[in-house]
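[1] coords please:
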Amino acid sequence: MSDKLPLLLDKLIKHETDKATATGFITGLGGIASLPITFPTNALSVLFIQMRLVTTIAILQGHDVYDERIKILIFLSLCVMASKLRLQQFCFATLMKQPNEVIRKISLSVIKQLISIISAKHSLKLIKVIPIFGGVMGAVVDRIITYRIGQFAKKQFNQIY
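    Predicted coordinates:
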């Protein structure tokens, strides 16, 4: 079975990603009018899908999900998108040690990126108002995040012995 396990895990990730995509699309269809109801519904349902995905990956790779260490890894796998904070903190500490001319160059680059992020962020908010585009955006975001969490968990639980 170990030869077929990577293929099985890829199919599992795809299947659960498809579920998250459908959930994101359906809950995003209501636009801004239904946002107070659909946003928490989407967050909980996609989190449930992702938690089940990561737990199943751990089980299929031979881990005891009742072990406290494995439970922590399951939760950390769900936080893969939030782990960027630690990376940002490390980058900030490294940045503080750089000379002023390097800081100026980095500053210009960051300002350009911020302008593009801010404009993209506000355009995403406007798109959420239009129901069909809100559904598409919800589907895309949930798909990407669920896929990344699944791939991270697949690698993470494969590395533990």
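
[2] What sits closest to residue 51 if chain neighbours are left out?
    residue 78 (6.3 Å; Cβ to Cβ, 6 or more residues apart in numbering). For every residue, glycine as well, the C-beta is placed using N, CA and C.

[3] Now do the contacts for the one you found.
    Each residue near residue 78 by Cβ atoms under 8 Å, 6 or more residues apart in numbering is listed here: 47, 50-51, 54, 149.

[4] and it, how far is that from residue 34?
    26 Å (Cβ to Cβ, to the nearest Å).

[5] Can you flag the buried ones in the contacts of residue 78?
    Among those, those classed as buried by 16 or more other Cβ atoms under 10 Å are 50, 54, 149.

[6] Those in helices, which ones?
    50, 54, 149 (DSSP state H).

[7] Buried residues, stretch 21-33. List them.
    Here stretch 21-33 shows 21, 23-31 as buried, counting by 16+ other Cβ under 10 Å.

[8] hang on, the earlier thing: now tabulate the ones in helices among the buried ones among the contacts of residue 78 in CSV and tack on distance to residue 7.
    Formatted as CSV, these follow (distance: Cβ to Cβ, whole Å):
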residue, distance to residue 7
50, 21
54, 18
149, 19
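
[9] Redo those as JSON lines? Include distance to residue 99 and pLDDT.
    Listed next are these as JSON lines, based on distance: Cβ to Cβ, whole Å; pLDDT from 0 to 100:
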{"residue": "50", "distance to residue 99": "43", "pLDDT": "91"}
{"residue": "54", "distance to residue 99": "43", "pLDDT": "93"}
{"residue": "149", "distance to residue 99": "39", "pLDDT": "90"}
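
[10] for those residues, which one is nearest residue 98?
    If you rank these by distance to residue 98 using Cβ to Cβ, residue 149 comes first, at 33.2 Å.

[11] what's the distance between that closest one and residue 6?
    17 Å.

[12] This structure: helices as residue ranges?
    Going by DSSP H, the chain shows helices at 5-28, 35-60, 68-78, 84-95, 100-129, 131-159.

[13] ok, of these, where does mean pLDDT dip lowest?
    Note on these: helix 84-95 shows the lowest mean pLDDT, a mean of 55.

[14] Surely residue 70 and residue 64 touch.
    Yes: applying Cβ atoms under 8 Å as the test, residue 70 and residue 64 come out as touching, 6.1 Å apart.
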